[in-house]
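Colleague: Sequence and predicted structure below; questions after.
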Amino acid sequence: MKQFLFVIGLLSIGISINAQPCAPIVAPQFSENTRNEFEQKLSAAKADYQKDTTNADAIIWYGRRTAYIGEYMKAIEIFTIGINSHPGDARLYRHRGHRYITVRCFDKAIADFKKAAQLIKGKADEMEPDGLPNAKNIPTSTLQSNIWYHLGLCYFIKGEYKNAVKVYKKGLIVSKHPDMYVATANWMNLALRELKKYKEAGELYNSIDLNAELIESRDYMNILEMYRHKSTEKEIESYATMIADKNKTVASATVNFGIGYYCLLFGYRQKAIEYFNKAIATNQWSSFGYIAAETELRRMK
């Protein structure tokens with residue numbers, strides 16, 4: 001108990017607990033209003049945590065709010081303390097794993113998500129509340145769908161496409177909301193195509209409800225439509241122009257990576273490089289589109 005309280009004391013004054021990033025961290029850029037809002041919510045989450053430092057929900061929200069302002073390593077430390085206190089809580093591994101992805105520690109992220117996957121076996125799924133709500137303030141993912149989604153992403157980024165497909169299949173089963181289903185299908189499609197499993201990719205497209213009302217995953221759906229219709233290089237340019245006004249949003253990194261990967265798979269190498277560079281020209285260093293584009297550019301070199 002004394003050791004636990006000592007660790008809590010270290011955290012409160014900002015001393016690191018052996019957590020190290022796997023890449024130089026780039027801080028997010030916010031407007032003054034957004035930063036003020038994030039810091040106010042972080043302050044409230046920290047106050048809740050300090051009332052009861054053993055409360056798992058308080059630990060999770062303190063960690064999540066800390067990550068939103070770009071303090072990724074401190075968030076990892078908070079989740080680590082939570083895991084030490086609640087080693088059977090899959091949520092803590094899921095959130096720490098997410099932030100290990102952010103700082104490019106993919107093997108550590110995989111270990112966390114695999115542990116979380118063990119802990120959810122035989123348990124009912126639960127909706128995961130959004131820390132950054134969408135336009136309709138409707139959560140679209142669950143604890144289990146997020147575990148499989150993020151684990152699949154790690155495998156995809158590492159080029160382990162068979163593992164990615166295996167995990168994404170599990171993710172689709174628990175993706176009850178169409179937004180989460182489409183987002184998972186987007187990444188699974190890429191992994192299937194890397195494995196040259198084009199028939200399975202076609203079956204995946206056919207499993208999507210084209211009439212579903214999407215809140216967050218419209219860009220992923222548009223990217224999937226490019227594969228369904230086998231868009232030409234000219235059509236790709238037209239679509240890219242249509243989304244050009246999103247050049248400073250998470251969607252921009254997502255879409256530019258998606259277009260770039262389409263170009264890569266269909267042999268438009270220079271175009272692929274162009275769009276991957278556009279993805280990392282955004283300030284969305286922590287977004288999955290940015291991370292994936294960054295990885296592909298490194299591979300291409």
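Modeller: Arrived safely, thanks for sending.
Colleague: need the next SSE after the helix or strand harbouring residue 193, C-terminal direction.
Modeller: Residue 193 belongs to helix 178-194 when assigned by DSSP states H and E. Once the chain leaves helix 178-194, the next helix or strand it forms, by DSSP H and E, is helix 198-206.
Colleague: elements contacting that following helix?
Modeller: Taking 3 or more CB pairs under 8 Å, 6 or more residues apart in numbering; DSSP states H and E as contact, the helices and strands that helix 198-206 lies on are helix 178-194, helix 218-229. Yep, even glycine has a C-beta here, placed from its N, CA and C like the rest.
Colleague: now with 7 Å?
Modeller: Packing contacts for helix 198-206, counted by 3 or more CB pairs under 7 Å, 6 or more residues apart in numbering; DSSP states H and E, involve helix 178-194.
Colleague: what's the helix it packs on in contact with?
Modeller: The contact list for helix 178-194, computed with CB atoms under 7 Å, 6 or more residues apart in numbering, reads 140-141, 145, 149, 152-153, 156, 161, 164-165, 168, 171-172, 175, 200-201, 204, 208-209, 212, 214-217, 220-221, 223-224, 227, 261, 265.
Colleague: How about stretch 19-28?
Modeller: 70, 72-73, 76-77, 80, 103-105, 285-286.
Colleague: hmm, try it at 10 Å
Modeller: The contact list for stretch 19-28 (CB atoms under 10 Å, 6 or more residues apart in numbering) reads 34-35, 38, 67-80, 96, 99-100, 102-109, 283-287, 290-291, 294.
Colleague: Could you list which of those belong to helices?
Modeller: Of the contacts of stretch 19-28, the ones assigned to helices by DSSP state H are 34-35, 38, 67-68, 72-80, 96, 99-100, 102, 106-109, 290-291, 294.
Colleague: Only alpha carbons, please: show the helix holding residue 193 as CSV.
Modeller: Extracted C-alpha coordinates of helix 178-194, given in CSV (Å, rounded to 0.1, in the frame of the first residue of the first chain):
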residue,chain,number,x,y,z
PRO,A,178,-22.9,0.9,-38.7
ASP,A,179,-20.1,3.5,-38.2
MET,A,180,-17.9,1.0,-36.3
TYR,A,181,-18.7,-1.7,-38.8
VAL,A,182,-17.7,0.5,-41.8
ALA,A,183,-14.5,1.7,-40.0
THR,A,184,-13.4,-1.9,-39.3
ALA,A,185,-14.3,-3.0,-42.8
ASN,A,186,-12.2,-0.2,-44.3
TRP,A,187,-9.0,-1.5,-42.6
MET,A,188,-9.9,-5.1,-43.1
ASN,A,189,-10.3,-4.5,-46.8
LEU,A,190,-6.8,-3.2,-47.1
ALA,A,191,-5.4,-6.2,-45.2
LEU,A,192,-7.4,-8.6,-47.4
ARG,A,193,-6.1,-7.0,-50.6
GLU,A,194,-2.5,-7.2,-49.3
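Colleague: tell me how far that helix is from the chain's mean position?
Modeller: 13 Å (CA atoms, centre = their mean, to the nearest Å).
Colleague: report the angle between the axes of it and helix 198-206?
Modeller: 170 degrees (axes from the mean of the first three to the mean of the last three CA atoms, to 10 degrees).
Colleague: Also compute the angle for helix 178-194 relative to helix 218-229, please.
Modeller: Going by the same axes, to 10 degrees, helix 178-194 makes 40 degrees with helix 218-229.
Colleague: how about helix 178-194: buried residues?
Modeller: Neighbour-count burial for helix 178-194 flags 178-194 (criterion: 16 or more other CB atoms under 10 Å).
Colleague: now do stretch 107-117
Modeller: 108-117.
Colleague: Over to stretch 272-288?
Modeller: For stretch 272-288, by 16+ other CB under 10 Å, it's 272-273, 275-276, 278-280, 282-288.
Colleague: so how far is that stretch off the chain centroid?
Modeller: For stretch 272-288, the separation from the chain centroid amounts to 15 Å (computed by CA atoms, centre = their mean).
Colleague: That stretch: end-to-end distance?
Modeller: Counting by CA to CA, to the nearest Å, you get 17 Å between the two ends of stretch 272-288.
Colleague: Check stretch 187-203 too.
Modeller: First residue to last in stretch 187-203 (CA to CA) measures 14 Å.
Colleague: now could you export just the CA positions of stretch 38-55 as CSV?
Modeller: Output of stretch 38-55 as CSV, limited to C-alpha atoms (Å, rounded to 0.1, in the frame of the first residue of the first chain):
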residue,chain,number,x,y,z
PHE,A,38,-9.9,20.6,-22.9
GLU,A,39,-8.1,22.0,-19.9
GLN,A,40,-11.3,22.7,-18.0
LYS,A,41,-12.5,19.1,-18.6
LEU,A,42,-9.1,17.8,-17.6
SER,A,43,-9.2,19.8,-14.4
ALA,A,44,-12.6,18.4,-13.5
ALA,A,45,-11.4,14.8,-14.3
LYS,A,46,-8.3,15.3,-12.1
ALA,A,47,-10.4,16.6,-9.3
ASP,A,48,-12.7,13.5,-9.5
TYR,A,49,-9.6,11.3,-9.5
GLN,A,50,-8.1,13.0,-6.5
LYS,A,51,-11.3,12.4,-4.5
ASP,A,52,-10.8,8.6,-4.9
THR,A,53,-7.5,7.6,-6.6
THR,A,54,-8.7,3.9,-6.6
ASN,A,55,-11.8,4.5,-8.6
